[in-house]
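**Q** Based on what follows, work out the 3D shape:
(one chain, ligands or ions: 2)
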Amino acid sequence: MNDPIYTLEQRQQAFAELREVKTELAARGWFPATSGNLSVRVGDFSPERFAFAITSSGKDKSKHTPDDYLIVDRAGKALETTKLKPSAETLIHCEIYRLTGCGAVFHVHTVYNNIISELYAEQGSVPFQGVELIKAFNIWEEDAKIEVPILPNYADIPRIAELVEGRIDLKVPGIVLRNHGIYAWGANVFEAKRHLEAFEFLFEYAYRWKALRS
Ligand SMILES: CSCCC(=O)C(=O)COP(=O)(O)O
Ligand SMILES: [Zn+2]
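**A** Ligands and ions are numbered 1, 2, ... in the order given. Here you go, the predicted structure:
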């Protein structure tokens with residue numbers, strides 16, 4: 001008989017990690033109106049046995065219930081018998097895992113990430129240069145410049161997912177959907193949270209800087 005893809009302990013640990021980060025981000029108001037979704041890999045990292053824990057769709061992410069998470073495979077299909085539906089945006093998580101080999105993906109809707117995505121929509125990316133927090137992405141060069149890609153926010157999630165490969169910059173662990181929110185990722189939940197916080201700092205900084213100068 002084949003080994004299970006993940007053990008009960010690994011499942012519990014993944015759910016506990018998501019619960020902890022969900023609590024922190026909810027306290028900042030980063031999941032308004034049930035928006036946002038979080039995921040973390042479980043089990044070993046071989047592609048055939050790939051699986052991740054993800055938030056269930058449509059839940060109030062500021063509350064804790066027994067129905068908050070489930071495990072899906074690399075195609076985003078539930079790996080357990082459950083009435084729960086994975087996040088409506090699971091396919092975007094699948095694509096980010098496939099392309100980056102990361103260990104956790106976090107998605108939040110904030111006023112700053114929405115406004116910034118609209119301000120820079122025509123350019124197709126949000127530029128940042130010489131801001132200290134760029135180092136949070138492990139980019140240490142003097143006066144470093146990054147561009148955070150902005151993708152269109154189609155109602156059809158597979159249409160968005162298929163654009164990710166063409167736009168992702170593997171040095172920049174985030175993409176923004178226009179007037180929707182950000183996806184940030186990292187090797188694990190610690191790193192994904194650090195990246196998410198850095199992006200949100202940069203978006204607020206860019207918004208306030210623009211507002212001050214106009
Ligand atoms: C009211 S939020 C609209 C859907 C969305 O953008 C989101 O992030 C939450 O979707 P989920 O299915 O993950 O709850
Ligand atoms: Zn969303």
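**Q** which parts of this protein sit against ligand 1?
**A** Listed as neighbours of ligand 1 in the chain under the rule C-beta under 6 Å from any ligand atom: 33-37, 55, 57-58, 87-89, 107. To be clear about C-beta, it is placed using only N, CA and C from the backbone, and glycine gets the same treatment.
**Q** Show me the residues you listed that map onto strands.
**A** Assigned to strands by DSSP state E, the following of the residues of the chain next to ligand 1 qualify: 37, 55, 107.
**Q** just to revisit the earlier point, quick one: which of the residues of the chain next to ligand 1 is nearest residue 14?
**A** Closest to residue 14 out of the residues of the chain next to ligand 1 is residue 55 (11.4 Å), distances taken as C-beta to C-beta.
**Q** one step back: between the residues of the chain next to ligand 1, which sits nearest residue 15?
**A** The nearest member of those to residue 15, counting by C-beta to C-beta, is residue 55 at 10.1 Å.
**Q** mind putting the ones in strands among the residues of the chain next to ligand 1 in TSV, pLDDT included?
**A** Formatted as TSV, these follow (pLDDT from 0 to 100):
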residue	pLDDT
37	99
55	98
107	99
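**Q** Let me know the closest of the residues you listed to ligand 1.
**A** residue 37 (3.6 Å; C-beta to the nearest ligand atom).
**Q** Find me the pLDDT at the residue lying closest to the closest one once chain neighbours are set aside, would you?
**A** Spatial nearest neighbour of residue 37, chain neighbours left out: residue 87 (3.8 Å); criterion: C-beta to C-beta, 6 or more residues apart in numbering. Listed pLDDT for residue 87 reads 98.
**Q** Just the buried ones among the ones in strands among the residues of the chain next to ligand 1, please.
**A** If you count burial by 16 or more other C-beta atoms under 10 Å, the buried members of those come out as 37, 55, 107.
**Q** Include distance to residue 24 when you put those residues into CSV, please.
**A** Putting those into CSV (distance: C-beta to C-beta, whole Å) gives the following:
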residue, distance to residue 24
37, 15
55, 14
107, 15
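**Q** longest helix of this structure?
**A** When secondary structure is assigned using DSSP state H, the longest helix within the chain turns out to be helix 189-213.
**Q** how distant is that helix from the center of its chain?
**A** Offset of helix 189-213 from its chain centre (C-alpha atoms, centre = their mean, to the nearest Å): 14 Å.
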